[in-house]
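Participant: Just to be clear, the model below is a prediction. Sequence and coordinates:
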Amino acid sequence: MIKFSDFRTGWRQLLADPVYSAIVILGLSIAVASSYLILGLVADAMFPESKMAQPSRVVALDFKPNIPDRKIDWTGAAPFVLRDALHAAKAPVAASARALKTDISARVGEQVARIDMVFADAEVASMFGLASAAGDLQASLTRPDSVALTFEAAERLFGQRDVLGRQLAVNGKTVTVAALLPRQPGNSQLQFEALAPFNSILNGLPPEDREGWYALSGRVYATLAPGASAAQLGEIAQSIFDHSPVIREVPPGWIENGRKAAFLRAVPMDQLAFSGAGSGAKRLLYGALAAAALAMLALASVNYVNLTTVRTLARQREIGVRKSLGASPARLAGQLIGESMLVALLAGALGVLLAWLVAPAFGELLNYRFDNRLFTPAMLLSLLLGCVALGVVTGLYPARIALKINCAESLSGRSHSENAGGRWVRRAMTALQFAAAITLSAVAATIMWQSHFVRTLDLGFRSTGLLAVTLPATATPQSAAALRDVLARSPGIDGAAWSDEVPGRNPAGQNEAFTTGSNPAPVLIRMNAVDAAFFDVYKIGLLAGKITSGGTTVDANADKSVVLDRTAAKLLGFAQAEQALGANIKSADGKFARVVAVIDRVRQETAHAEAAAQLFYLNDGNFGAGAVLTLHTSDLPQARKAVQAAWQRLFPDDVVTMDTVDAYLAEHYKQDRMVGGLIAAASVMALLLASLGVYSLAAYTVRIKTREIVIRKLHGAGAGAIAGLLVREFGTLLVLGLVLGLPLAWLAGAQYLAGYVERAPVGGWPLLAAVLATALMATLAALRHTLAALGLRPVQALRG
């Protein structure tokens, strides 16, 4: 039985020993804050789309190309043509909608801003439970010259919220604001600042991307008809694709022996986070976060139990007096559990405060917006119940120790200590703390080393000192040429090159099958269009041939001049680079291209995938909308200023899109770095919590061995012998932690590296670094009590 007076007693105990109180409450509060933030993330993922009436009845279609010898994961997109095909096949859908997300430059007067735009069919409003706060949302999704804005976008563009009927210009076209909406919840799949019809006058998606079966530009959503299931709709979508016209166009090897050219599936919205495209990385992230949070909570709880056990033994006379005055076992256990509950509740309160303070930075690190769900009554109630349960669990062992204290012995001054079994349980918990710290530290070191390795991976082209500028949709070949001419003459810029994409920015890219006269078997090769200066600006090594300006345009009917990389040349049957020069290669559409040069191996894919064969069409003078101008400079700030100045003259209605090539490449590994940083932070916390565990165990060990230490001193034992007594105690636990932690660390590191094709030569140094870090922290944590043991005065110890 727990009484309110137990909380008052616990409060007095905390005030009497502020160092103890700070250690246990701070340790538990950090663990509680971490667990609370993780709980918020998981809750958002498990209960998405709060505005949807039935998230389980709305599905998103995923697409997975099945290209031979190419490992491609599920994509969070589907061909837009599938929407009409589903209705034509009378699929069991009550409604469907396409959604294309892009960013646009919008002009209002002299103000130009970039906003996130979604072009979608009108059915998306009912699917996602969208409702306008002002205006007519249905009109904004059906009239091609209308748009709906969020209040935040309206304030950014117009400087106010009352903007119904106002106009904004995009690419020289004017649309009218017909509706205003609140911002979407952070866990919604449909994130936008502006919403417009799919057939909007602003939607410049070309016909081939609207109607192509391999064109993956956006999402296709569907509401299931009554009685239909997501699996059933997925099978129908797969059958539609298997019988689509594109199957007659793919190479025979893609579909021989019943092979599928691509896979389709339908995923309910409430399962999309953990079962949809990209869910593997999300499960890895959330799993790492959950494991780290649980580890910290367990470590903090073990520390609390260890320190409270020491304090319980120090309160033997108080407990003996209470027993002699008639306190029942239930009453005594209730008191100690109540004191533990007080500590847990205080830690919970401080943990919520820490979570509130850290949530913005935590969300920014994960690129996630918590909105208001983090501090809802349900979340706070869950925290309260969790803290109560934590207090009960952590109070059971100290209560057990108190119940075993002999009343007569404690009142007569004879000390009681826990039995050997209890001591070994607490030693085992401390060893587990060491194991957790070693595992987390080693895994963090492995992840960070792999992250460094992929950043320095040889891609076959230079990336440092390069600034990539992407042209707007309004750009023409003439304005593009004018921009290049102006920037090429700017101080500090010593190279400029055109391409249709930043190398490595899009790991998938555009692929096509090619054959040669001597090698009729089709070879899938990645294609890009570049100018002759591209290879010099990116410092790509030339193996054979000569690359000069004057290549044909991409749209020319004549044979095109192409450059192959070493991988493509070998796959096409050319053992030596020189053998490929002058050869004609044939694409799947029957057009020929002539090889004019062979370059060294180029990797545009991430380190998670095999490097693909590369082909570059030489194209001079035909780059316009969407093309990329790459500048080499030794002064990036000055180059950015030059781009801004030239851009404002040539493209005044568009916001400039530019970044370094290094930044674009690093974006692919953002989540890997995020996981590494989080686990590194967790490993630091684990080390600190393990150190607190050593601290508490040292305090307990010195207490129960006080008389032994004094007697050894009286018999001539020196400082080394006394210190060795404690070192053996902690050394044994550290070795046990190594035995448990090192295999786990090795397995976890190997599992993480298995997701990469290009892996760092890690070796055993992360394990060694983790061991040294843990040993150092343990030594520092035990130092205070070791010094206290060396300074024990025999008279005081024997008298106590």
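Facilitator: Structure's in. What do you need?

Participant: which parts of the biggest strand by length in the chain are buried?
Facilitator: When the chain is scanned for its longest strand (criterion: DSSP state E), the result is strand 93-108. Buried residues in strand 93-108, counting neighbours by 16 or more other CB atoms under 10 Å, are found at 93, 95-101, 104-108. (C-beta placed from N, C-alpha, C; glycine too.)

Participant: want to throw those residues into CSV with pLDDT and distance to A60?
Facilitator: Putting these into CSV (pLDDT from 0 to 100; distance: CB to CB, whole Å) gives the following:
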residue, pLDDT, distance to A60
V93, 95, 12
A95, 94, 13
S96, 96, 11
A97, 96, 10
R98, 97, 11
A99, 96, 9
L100, 96, 14
K101, 95, 13
I104, 89, 23
S105, 90, 28
A106, 92, 28
R107, 90, 33
V108, 91, 33
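
Participant: ok, so of the residues you listed, who is nearest A53?
Facilitator: Of all the buried residues of strand 93-108, A95 has the smallest distance to A53: 12.5 Å, by CB to CB.

Participant: for the closest one, what are its contacts?
Facilitator: 123, 126-127, 222-223 (CB atoms under 8 Å, 6 or more residues apart in numbering).

Participant: ok, now W254?
Facilitator: Going by CB under 8 Å, 6+ apart, the list of residues near W254 reads 66-68, 261.

Participant: Mind picking the two most distant members of those?
Facilitator: The span of these, defined through CB to CB, is set by P68 and A261 at 9.9 Å.

Participant: I'd like the next helix or strand past the strand or helix carrying G234.
Facilitator: G234 is located in helix 230-242, with elements delineated by DSSP states H and E. From helix 230-242 onward toward the C-terminus, using DSSP H and E, the following helix or strand is strand 262-268.

Participant: Next, the angle from that following strand to strand 93-108.
Facilitator: 90 degrees (axes from the mean of the first three to the mean of the last three CA atoms, to 10 degrees).

Participant: Compute the distance between L190 and A131, please.
Facilitator: L190 sits at a distance of 13 Å from A131 (criterion: CB to CB, to the nearest Å).

Participant: More neighbours: which of the two?
Facilitator: Legend: neighbour count by other CB atoms under 10 Å for L190 and A131, higher for L190 (22 against 11).

Participant: Just the C-alpha atoms of the helix holding G234, please, in CSV.
Facilitator: Output in CSV follows, covering the C-alpha atoms of helix 230-242 (Å, rounded to 0.1, in the frame of the first residue of the first chain):
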residue,chain,number,x,y,z
ALA,A,230,-5.3,-3.5,-51.3
ALA,A,231,-3.8,-6.9,-52.3
GLN,A,232,-6.6,-7.4,-54.8
LEU,A,233,-6.1,-3.9,-56.4
GLY,A,234,-2.3,-4.5,-56.5
GLU,A,235,-2.9,-7.7,-58.5
ILE,A,236,-5.2,-5.9,-60.9
ALA,A,237,-2.6,-3.1,-61.4
GLN,A,238,0.1,-5.7,-62.0
SER,A,239,-2.1,-7.5,-64.6
ILE,A,240,-2.8,-4.1,-66.4
PHE,A,241,0.9,-3.4,-66.6
ASP,A,242,1.7,-6.9,-67.8
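
Participant: Contacts for the helix or strand that the longest strand of the chain is followed by, please.
Facilitator: Using DSSP H and E, the helix or strand that follows strand 93-108 in sequence is strand 111-120. For strand 111-120, the external contacting residues (CB under 8 Å, 6+ apart) are 97-106, 141, 153, 156-157, 159, 190-198, 200, 202-203, 205, 652-655.

Participant: thinking again about what came up before, give me the subset of the contacts of A95 that lies in helices.
Facilitator: 126-127 (DSSP state H).

Participant: now for the contacts of A95, which pair is the farthest apart?
Facilitator: Longest span within these, CB to CB: S126 and A222, 12.1 Å.

Participant: which of the two has more neighbours?
Facilitator: Taking other CB under 10 Å, S126 and A222 do not tie; A222 has more neighbours (28 against 16).

Participant: So in terms of bridging, what pairs with the more buried one?
Facilitator: Counting by DSSP bridges, A222 is bridged to V59, S96.

Participant: Find the residue closest to the spatially most central residue of the chain in space, skipping its chain neighbours.
Facilitator: Geometric centre of the chain, nearest residue: Q671, 3.5 Å, by CA atoms, centre = their mean. Excluding the flanking residues, the one nearest Q671 by CB to CB, 6 or more residues apart in numbering is A281, at 5.6 Å.

Participant: next structured bit after the helix or strand where the one you found lies?
Facilitator: Assessed by DSSP H and E, A281 sits inside helix 279-314. Downstream of helix 279-314, the first helix or strand assigned by DSSP H and E is helix 316-324.

Participant: which parts of that following helix are buried?
Facilitator: Of all the residues in helix 316-324, those buried under the rule 16+ other CB under 10 Å are 316, 319-320, 322-323.

Participant: Run through the neighbouring helices and strands of it.
Facilitator: Using 3 or more CB pairs under 8 Å, 6 or more residues apart in numbering; DSSP states H and E, the elements in contact with helix 316-324 are helix 329-365, helix 407-411.

Participant: on that earlier part again, so the residue nearest to the centre of the chain, which state does it fall into?
Facilitator: Look at Q671: counting by DSSP: H, G, I helix; E, B strand; the rest coil, its state is helix.

Participant: Model confidence score at it, please.
Facilitator: On pLDDT, Q671 comes in at 75.

Participant: By mean pLDDT, show me the worst of the helices and strands packed on helix 316-324.
Facilitator: Across those, helix 407-411 gives the lowest mean pLDDT, at a mean of 65.

Participant: next structured bit after that helix?
Facilitator: Toward the C-terminus from helix 407-411 - assigned by DSSP H and E - lies helix 420-455.

Participant: Next SSE downstream of that following helix?
Facilitator: Taking DSSP H and E, what comes next after helix 420-455 is strand 466-470.

Participant: And that next one, what does it pack against?
Facilitator: Looks like strand 466-470 contacts strand 628-633, helix 636-650, strand 657-660, helix 661-667 (3+ CB pairs under 8 Å, 6+ apart).
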